[in-house]
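> coordinates for the following, if possible.
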Amino acid sequence: MDAPRSIVIVKLSAIGDVLHAVPAAVALKRAFPETRIGWAVEGRAADVLAGHPAIDHLFRLPRGWLKSPRAIWSLRRQLRDFRADVAIDMQGLLKSMAATALSSAAMRIGYARPEAREQSWLASTHLIRTTAAHVVERHCELLAPLGVRPRTIEFDMPRWPVSRSRVGEWFAAMRFDAAPVVLNPGAGWRSKLWPVDRFAAVARGVAARHGLRSLVVWGGAEERIAAERIVAAADGTAVMAPPTTLQDLGEVCRLARIFISSDTGPLHLAAAIGTPCVGLFGPVPAERNGPYGPQHVSVEPPASLRPAWEDRKTDSRSMLGIEVADVLAAIERQLARAAAA
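This next block holds a predicted model:
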């Protein structure tokens, strides 16, 4: 088809979910290099998109914007000025339906049911029933009405020089002789948390087998407490990171040897940047949400421990089914792969 004048992607939150949609933006810009690509996004998630070469404009929205008439009116005005020919709802919720409708785009692409929820399909002129297993590929399937079917998946993440300089100073002060293993104990759901004593055991195991130190990253008060507990139990094999912005964390990932985390935004940031990852996946299968790409490894519990889909946010037993030995074995595979490369 002829190149649209402008396209707006609606993927509002959360950080990991936003990152899963980045390859679709890359594919659009490669297919239509002269087309302006906008992105409607909420809160801190906008920071991982800032400076991305495929995105020409960010519509930054505060959390809870749909409850604010002023915020709604401001978004409407901005979207009207942007004059999108196409809007793509990659969220499939009421709030993304509202942003899609406010765009007034003639072509509005979205998910068909059951992926679309909260009647979000009502705002779309083109409903897509996806077939891919992984959410990254599902987002790319939404581009089919535009004639875009990417053969390769690429994130093409930007670099953040100010953060790179700051992280370089941290690493020098921490005296890392080699790229560290990065441990991220946080998660958006309690059901995705892996016990801190097991993270500490991983730090000790990596140090004993490979002489590598670990860096424990965190965000927020609860995660800071978890990070402190890991460092205290790691017997000198792990150090705690300073407070980081998302862009700082991105540059930490670029300097890391391996990133180890459960299913949460920082894991998907590391994967998008290209850091080899070991993902710990309990309540949600890695086939659907794992770190995308063959360079990553996911560790999962026995299938019998995985909760029903409706219990995925409350049932924590599946994460307890991930053993330290399994994670250390995955790290061994990653290190061996890096040595071979």
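> just the helices in the stretch 1-150 of the chain please.
According to DSSP state H, counting those that start in this stretch, the stretch 1-150 of the chain carries its helices in the segments 15-20, 22-31, 69-82, 94-102, 135-141.
> for R129, which of those helices is the nearest?
Proximity to R129, assessed across the helices of the stretch 1-150 of the chain by Cβ to Cβ, is greatest for helix 135-141 (8.9 Å). No exception for glycine: its C-beta is placed from N, CA and C like everyone else's.
> so which elements touch the closest one?
For helix 135-141, the elements it packs on are helix 15-20, helix 22-31, judged by 3 or more Cβ pairs under 8 Å, 6 or more residues apart in numbering; DSSP states H and E.
> quick one: contacts of that helix?
Applying Cβ atoms under 8 Å, 6 or more residues apart in numbering, the set of residues contacting helix 135-141 from outside is 11, 17, 20-21, 23-24, 27, 90, 111, 115, 128, 130-132, 149-150, 153, 288-289, 292.
> redo that, cut-off 7 Å
With Cβ atoms under 7 Å, 6 or more residues apart in numbering as the test, helix 135-141 has contacts from 20-21, 23-24, 27, 90, 128, 130, 132, 150, 153, 288-289, 292.
> which of these are buried?
Listed as buried from these are 20-21, 23-24, 27, 90, 128, 130, 150, 153, 289, 292; burial here means 16 or more other Cβ atoms under 10 Å.
> just for the stretch 1-150 of the chain, where's the confidence low?
Scanning the stretch 1-150 of the chain for pLDDT under 70 picks out 1.
> ditto for the stretch 151-300 of the chain
For the stretch 151-300 of the chain, no range has pLDDT under 70.
> show me what contacts A234?
Applying Cβ under 7 Å, 6+ apart, the residues near A234 are 200, 203-204, 214.
> and stretch 12-23, end to end?
16 Å (Cα to Cα, to the nearest Å).
> residues contacting A14?
Here A14 is in contact with 45, 188, 265 (criterion: Cβ under 7 Å, 6+ apart).
> would JSON lines of these with distance to E34 be doable?
Output for the contacts of A14, formatted as JSON lines (distance: Cβ to Cβ, whole Å):
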{"residue": "A45", "distance to E34": "27"}
{"residue": "G188", "distance to E34": "37"}
{"residue": "G265", "distance to E34": "32"}
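> what's the closest of those residues to M174?
Proximity of the contacts of A14 to M174 (Cβ to Cβ) peaks at G265, which lies at 23.5 Å.
> from D56, how far off is that closest one?
For G265, the distance to D56 (Cβ to Cβ, to the nearest Å) stands at 24 Å.
> try D326
Counting by Cβ to Cβ, the gap from D326 to D56 is 43 Å.
> same check on Y292?
Taken as Cβ to Cβ, the span from Y292 to D56 is 24 Å.
> how about A325?
The value you get for A325 to D56, if Cβ to Cβ is used, is 48 Å.
> between those two, which one's more packed in?
D56 (16 against 11; other Cβ atoms under 10 Å).
> show me which positions of whichever helix in the chain runs longest end up buried.
The single longest helix within the chain, with elements called by DSSP state H, is helix 324-340. Buried residues in helix 324-340, counted by 16+ other Cβ under 10 Å: 324, 327-328, 330-331, 334-335.
> do the same with stretch 201-214
Using 16+ other Cβ under 10 Å as the test for burial, stretch 201-214 gives 201-207, 212-214.
> try stretch 58-66
By neighbour count on 16+ other Cβ under 10 Å, the buried set for stretch 58-66 is 58-61, 65-66.
> could I get these as a markdown table with distance to D311?
What follows is the buried residues of stretch 58-66, written out as a markdown table (distance: Cβ to Cβ, whole Å):
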| residue | distance to D311 |
| --- | --- |
| L58 | 35 |
| F59 | 35 |
| R60 | 34 |
| L61 | 31 |
| W65 | 30 |
| L66 | 28 |
